[in-house]
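Asker: Need a 3D model of the following:
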Amino acid sequence: MKRAMNLMAAAILTASSSMVFAQTDLSLWYHGAGNDKEKSVLTGIINDFNGSQDDWKVNLAEFPQESYNESVVAAALSGKLPDILDVDGPLMPNWAWSKYLTPLEITDEDVKDFLPGTIGRYDGKIYSVGLWDAAVALFARKSVLEKHELRIPTLDKPWSLDEFNTAINTLKMDKDFEYPLDLGLAWKGEWYAYAFGPLLQSWGGDLMDVEKPTAEGVLNGDEAMAFGEWWQNLFTKKLVPGTSQDGADRETGFLDGKYAMQWNGNWAALAALEKFGDDLLFLPAPDMGKGPKIGAASWQFGVSGSSKNQKGANDFIRFAMQDKYLANFSNATGLIPATAAAAKMTENYKEGGKLSVFYALTDKQATKRAVTPAYNVATLEFEKALSDIANGADVADTLDAATDAINKDLEKNKNYK
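Answerer: Okay, the predicted model is just below:
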């Protein structure tokens, strides 16, 4: 009898201990399936978080980036969203409006040191936080610019539109290159709004006026028309490769000497540095008249609106925001750390680091794409318009058509109010 009672007491004690230390599962969906470097860092954060407390256990599910957004929409329709979502920055307002996401339990004070592009705000609330950002620059070679006596622009004094045009046309005369500039039209989808939308904004146009809201007079206004004419001229004069550019040429054309300059991101910087060393320059965006601008806001973490474990999801995101994890992401991937403190902890973005110029570019030139639930449609219309204009379509008719399509979407959705 005594032995039986002892066994029963031990069983009760074991069960009690299990109940005390049982962790509630939290599901996290991530867009980077196949990216081993990102997975390694994210898994490290998850393991650290799971081991730091007894309440929550994050479980990672990875998706290919190409199908991730569709998977989220399908899950939302079937009521099966995870607790923590990965969301592309410019798409966040639509997901917030659609109730896929709920505001974070994170304050302005919590993110005061973060780069603006890493914080997803909509309707006055913070919905998402990114651990890194990306930046675009003009890749060029010092020896090539000096050969043609072209001024090397700086962050404080970028090229003007006239200087940029002069540089492109001058480099076209150099028979060492097939094209003076590569814009990367082999890449489709979000690359257009991310890489070329800021050029439109620098002209004084935009995808739409999010306050009114309307695209009328903004995507088809005088400034946007001038941008469209300039854009088409690049292809008419064969100053840049067109929409049929081969993907391999986009990846290695600048490295192989086919292109004198290339509009590309910091993710491609290390390979270019390895090829050209001290001869390589990362130049700021040109000023088309309304200030130099590059894209901002990349992938970020948010909490799903249907999560029953929102406290735990917020706890994880807050945990992941530590500078050491921002630095780890940067060291592993080459992407820009979200804070200056984290940048100092990295090899490439610390003062004097090989890629420190990209942190400065992001801090000074980064501009968010239109912050509106209508962005999902606007970005598709912008891509189609720029592609059609590059292929010779009438500029005014094309921009008017894109404007009408965006406004019809606004009307259909009652301005997303």
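Asker: my read: A385 touches A396, true?
Answerer: No. Checked against CB atoms under 8 Å, the pair A385 and A396 is beyond contact range at 11.1 Å. Placement of C-beta: from N, CA and C, glycine included.
Asker: The two: who's more crowded?
Answerer: A385 (26 against 13; other CB atoms under 10 Å).
Asker: helix or strand for the more buried one, which one?
Answerer: Assigned by DSSP states H and E, A385 belongs to helix 375-390.
Asker: Can you name the residues in contact with that helix?
Answerer: 90-91, 93-94, 185, 188-190, 192-193, 196-197, 207-208, 215, 219, 228, 231-232, 234-235, 242-243, 369-370, 372, 395, 398-399, 401-402, 405-406, 409 (CB atoms under 8 Å, 6 or more residues apart in numbering).
Asker: Show me what whichever helix or strand comes after it is packed up against.
Answerer: Per DSSP H and E, the first helix or strand lying C-terminal to helix 375-390 is helix 395-412. The elements that helix 395-412 packs onto, with contact taken as 3 or more CB pairs under 8 Å, 6 or more residues apart in numbering; DSSP states H and E, are helix 222-236, helix 375-390.
Asker: Deepest in the core, which of those is it.
Answerer: Mean neighbour count (mean count of other CB atoms under 10 Å) peaks for helix 375-390 among these, with a mean of 22.
Asker: gap between that helix and the chain center?
Answerer: Taking CA atoms, centre = their mean, to the nearest Å, one finds helix 375-390 lying 17 Å from the centre of the chain it belongs to.
Asker: Please apply the same query to stretch 285-297.
Answerer: For stretch 285-297, the distance to the chain centre is 15 Å (CA atoms, centre = their mean).
Asker: begin at 27 from here
Answerer: OK, 27 is where the count begins now, so the last one is stretch 311-323.
Asker: Show the end-to-end separation of it, please.
Answerer: Across its full length, stretch 311-323 reaches 17 Å between end residues, using CA to CA, to the nearest Å.
Asker: Spell out the residue ranges of the strands in the stretch 77-226 of the chain.
Answerer: Ranges of strands within the stretch 77-226 of the chain are 82-88, 110-114, 127-128, 145-148, 151-155, 158-159, 162-167, 205-208, based on DSSP state E, counting those that start in this stretch.
Asker: Please parse the protein into its domains.
Answerer: Split into domains by automatic domain parsing, the chain comes to 50-160+324-394, 162-319+400-442.
Asker: And the helix or strand containing E277, what's buried?
Answerer: Assigned by DSSP H and E, E277 belongs to helix 273-278. Residues 275-277 are the ones in helix 273-278 that count as buried (16 or more other CB atoms under 10 Å).
Asker: Mind listing residues that contact it?
Answerer: With CB under 8 Å, 6+ apart as the test, helix 273-278 has contacts from 208, 210-213, 267, 284.
Asker: on that earlier part again, what sits in contact with each of A411 and A422?
Answerer: With CB under 8 Å, 6+ apart, A411 and A422 have common neighbours G254.
Asker: picking that back up, okay, the strands of the stretch 77-226 of the chain in TSV with mean pLDDT, distance to L299 and mean neighbour count next?
Answerer: Converted to TSV, the strands of the stretch 77-226 of the chain look like this (pLDDT from 0 to 100; distance: least, CB to CB, whole Å; neighbours: other CB atoms under 10 Å):
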stretch	mean pLDDT	distance to L299	mean neighbour count
strand 82-88	98	30	17
strand 110-114	97	27	25
strand 127-128	98	37	22
strand 145-148	96	29	22
strand 151-155	98	30	21
strand 158-159	94	19	26
strand 162-167	98	10	23
strand 205-208	98	17	23
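Asker: Would you mind giving these as JSON lines with distance to K65 added?
Answerer: Putting those into JSON lines (distance: least, CB to CB, whole Å) gives the following:
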{"stretch": "strand 82-88", "distance to K65": "7"}
{"stretch": "strand 110-114", "distance to K65": "12"}
{"stretch": "strand 127-128", "distance to K65": "23"}
{"stretch": "strand 145-148", "distance to K65": "22"}
{"stretch": "strand 151-155", "distance to K65": "19"}
{"stretch": "strand 158-159", "distance to K65": "14"}
{"stretch": "strand 162-167", "distance to K65": "25"}
{"stretch": "strand 205-208", "distance to K65": "30"}
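Asker: L281: what secondary structure?
Answerer: Classification of L281 using DSSP: H, G, I helix; E, B strand; the rest coil returns coil.
Asker: And the pLDDT at it?
Answerer: The score at L281 is 98. That number is its pLDDT.
Asker: Now it: closest residue in space that isn't a chain neighbour?
Answerer: What sits nearest to L281 in space, not counting adjacent residues and going by CB to CB, 6 or more residues apart in numbering, is K301, at 4.9 Å.
Asker: is it fair to say that neighbour lies in a strand?
Answerer: No. According to three-state DSSP, K301 belongs to no strand; its state is helix.
Asker: Where does S53 sit: helix, strand or coil?
Answerer: strand.
Asker: That one and G247, how far apart?
Answerer: Here S53 is placed at a distance of 45 Å from G247 (CB to CB, to the nearest Å).
Asker: could I get the helices and strands packed on helix 421-438 as JSON lines with mean pLDDT and distance to H57?
Answerer: As requested, the helices and strands packed on helix 421-438 are exported to JSON lines (pLDDT from 0 to 100; distance: least, CB to CB, whole Å):
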{"stretch": "helix 248-262", "mean pLDDT": "98", "distance to H57": "30"}
{"stretch": "helix 401-416", "mean pLDDT": "98", "distance to H57": "16"}
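Asker: Same list, those, but as CSV with distance to M371 please.
Answerer: Formatted as CSV, the helices and strands packed on helix 421-438 follow (distance: least, CB to CB, whole Å):
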stretch, distance to M371
helix 248-262, 40
helix 401-416, 33
